[in-house]
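[1] Need coordinates for the below:
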Amino acid sequence: MEQRPGIAYRRPDGDPSRLVIETDGEPRLDVTERPEGGWLERVVGDDRDRLREALGSDPVDVVYRVAADGDSRWIHERGRATDDGDVVGYLFPADERVRRRRRLERQRERLEEFASVVSHDLRNPLSVAVGNIELADDLDGEAAADRLDRALDALDRMDDLIGDLLTLAREGETVQSAEPTDLRLVVDSAWGTVGESADAVLVVDGPLGTVPCDSDRLRQALENLFRNALEHGTPEGVDALPGSDSAEGDAGFGDRVASGTFSARGEPPSDSAETDAESAAIRIRVGRTDEGFYVADDGPGIEPDQRDAVFEPGHTTAPGGTGFGLAIVERIAEAHGWTVSVTESREGGARFEFVCDGPIETAESSESEASPTRSA
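    Down below sits the predicted model:
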């Protein structure tokens, strides 16, 4: 006869502390019976009340965690009460079930975000565009051209929102292959895309080491953080991101000077590097921590009561901002199994701290070949 999956059990008197194994047909579960008590002590603390409550109802259907080899495993318990007061049923492994449920919950949250943007954020510029086109139809000359320009601005806004929304959805997917990557190389690449044309300086505080990651997605996160620092920290009257309106993002620098990049590795920086750092409109620092790395700036900072809200999709204080930049940063961190939080930098600006899933190893190659000081 074919053996049923799961572990058949009996709980005398429905006692959550007692577990008697009747048949064991589930090799994926390492369960030791506790006929005299002790099972409840194996259940992770926060889940004990849920198990007690479930055993007080009929039928029993509950998912909870048990301690196993210094970690925890999810168990799905299904059973029913017998006439003599015992509970009999089956235990099943539930790790995959829990992961699948959480994945579905994240997908539902993303769908809700999509619905929110489509129903509100996209509807507003669409209404502006339609209204201005209708008005332009009744006007002539410069008046009509002005209305059409406003409509184009609204459509550009919609394009930005759609692009960021698609990026937000894509970056929420779990990283399947994380390769050991020299963090300094990713930092330099991201800065070359965003910061080169700005009146800003990047300071790398010591060796950054090697981190397992998807380098392209990490670069996207760093670009968003650099762009956020420039947009919010650049003084009024200074173009935070010159050339950003160009089609490809690599033109429009004109006669503006490039930003500087230098490392603080223990040796004194050159005179030009010190001048660059002092005269720049904003300074951005990247460095290691005991558990990961940080990106900090000397801008206005973020108020404590707003530090959680900045990661919410659509939250922005920048004129014309879509509010998705930092939400994308958080999604990329979560996709790597990391966490990201914001606090105050030593200069009073914003400091974004990443806690990585695993240690950052010391890099052997590019730290000694860091980008040279460039005149700003």
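[2] secondary structure class for residue 221?
    helix (DSSP: H, G, I helix; E, B strand; the rest coil).
[3] how much space between it and residue 201?
    20 Å (Cβ to Cβ, to the nearest Å). C-beta coordinates here come from the backbone N, C-alpha and C atoms, glycine included.
[4] Residue 141 too?
    From residue 141 to residue 201 the distance is 47 Å (Cβ to Cβ).
[5] ok, the two, which is more surrounded?
    For residue 141 versus residue 201, neighbours defined as other Cβ atoms under 10 Å are more numerous around residue 201 (26 against 7).
[6] residues of the helix or strand the more buried one falls within that come out buried?
    Using DSSP states H and E, residue 201 sits in strand 200-205. Applying a neighbour-count criterion of 16 or more other Cβ atoms under 10 Å, one finds 200, 201, 202, 203, 204 buried in strand 200-205.
[7] ok, now how distant is the second one from residue 226?
    According to Cβ to Cβ, residue 201 stands 12 Å off from residue 226.
[8] ok, and the helix or strand in this protein with the lowest average confidence?
    In the chain, no helix or strand scores lower on mean pLDDT, DSSP states H and E than strand 260-264, which sits at a mean of 51.
[9] wait, doesn't residue 310 sit right on residue 302?
    Yes. Shown here, residue 310 and residue 302 form a contact pair, counting by Cβ atoms under 8 Å, at 6.0 Å.
[10] What is the helix or strand hosting residue 163 packed up against?
    Taking DSSP H and E as the definition, residue 163 sits inside helix 141-171. When contacts are defined as 3 or more Cβ pairs under 8 Å, 6 or more residues apart in numbering; DSSP states H and E, helix 141-171 sits against helix 95-116, helix 123-136, helix 215-233, helix 325-335.
[11] after it, next one along is what?
    Assigned by DSSP H and E, the successor of helix 141-171 is strand 179-182.
[12] The helix holding residue 163 vs helix 215-233, what angle?
    Here the directions of helix 141-171 and helix 215-233 differ by 130 degrees (axes from the mean of the first three to the mean of the last three Cα atoms, to 10 degrees).
[13] List the buried residues for helix 141-171?
    Applying 16+ other Cβ under 10 Å to helix 141-171 flags 144, 147-148, 150-151, 154, 157-158, 161, 164-165, 167-169, 171 as buried.
[14] okay, and the common contacts of residue 310 and residue 302?
    When contacts are counted by Cβ atoms under 8 Å, 6 or more residues apart in numbering, residue 310 and residue 302 are jointly contacted by residue 342.
[15] rewinding a little: next SSE after the strand holding residue 201?
    strand 210-213.
[16] Tell me how many other residues crowd residue 88.
    16.
[17] now do residue 101
    Residue 101: 12 neighbours (other Cβ under 10 Å).
[18] circling back to that earlier point, ok, and which of the helices and strands packed on helix 141-171 has the densest surroundings?
    A comparison of these by mean neighbour count, using mean count of other Cβ atoms under 10 Å, puts helix 325-335 on top with a mean of 24.
[19] Which secondary structure elements does the helix or strand following that one sit against?
    Scanning forward in sequence from helix 325-335 by DSSP H and E, the next helix or strand is strand 339-344. Packing partners of strand 339-344 (3+ Cβ pairs under 8 Å, 6+ apart): helix 325-335, strand 350-355.
[20] Any idea which of the ones you listed gets closest to residue 217?
    helix 325-335 (5.0 Å; Cβ to Cβ).
[21] Excluding residues flanking it in the chain, which one is nearest residue 209?
    residue 360 (4.2 Å; Cβ to Cβ, 6 or more residues apart in numbering).
[22] that older thread, how far off helix 325-335 does the helix holding residue 163 point, in degrees?
    Using the same axes, to 10 degrees: helix 141-171 against helix 325-335 is 20 degrees.
[23] Show me which residues of stretch 83-92 are buried.
    Buried residues in stretch 83-92 (16+ other Cβ under 10 Å): 86, 87, 88, 89, 90, 91, 92.
[24] which among those gets closest to residue 56?
    Nearest member of the buried residues of stretch 83-92 to residue 56, counting by Cβ to Cβ, is residue 87, at 10.0 Å.
[25] Local confidence estimate at the closest one?
    On pLDDT, residue 87 comes in at 95.
[26] For residue 24, see how far away it is.
    18 Å.
[27] Check residue 83 too.
    25 Å.
[28] again with residue 332
    Taking Cβ to Cβ, one finds residue 332 at 43 Å from residue 24.
[29] and if you look at residue 341?
    Relative to residue 24, and taking Cβ to Cβ, residue 341 is found at 44 Å.
[30] and the residue nearest in space to the middle of the chain, what does it touch?
    Closest to where the C-alpha atoms of the chain average out (Cα atoms, centre = their mean) is residue 330, at 1.8 Å. With contacts defined as Cβ under 8 Å, 6+ apart, residue 330 is in contact with 311, 340.
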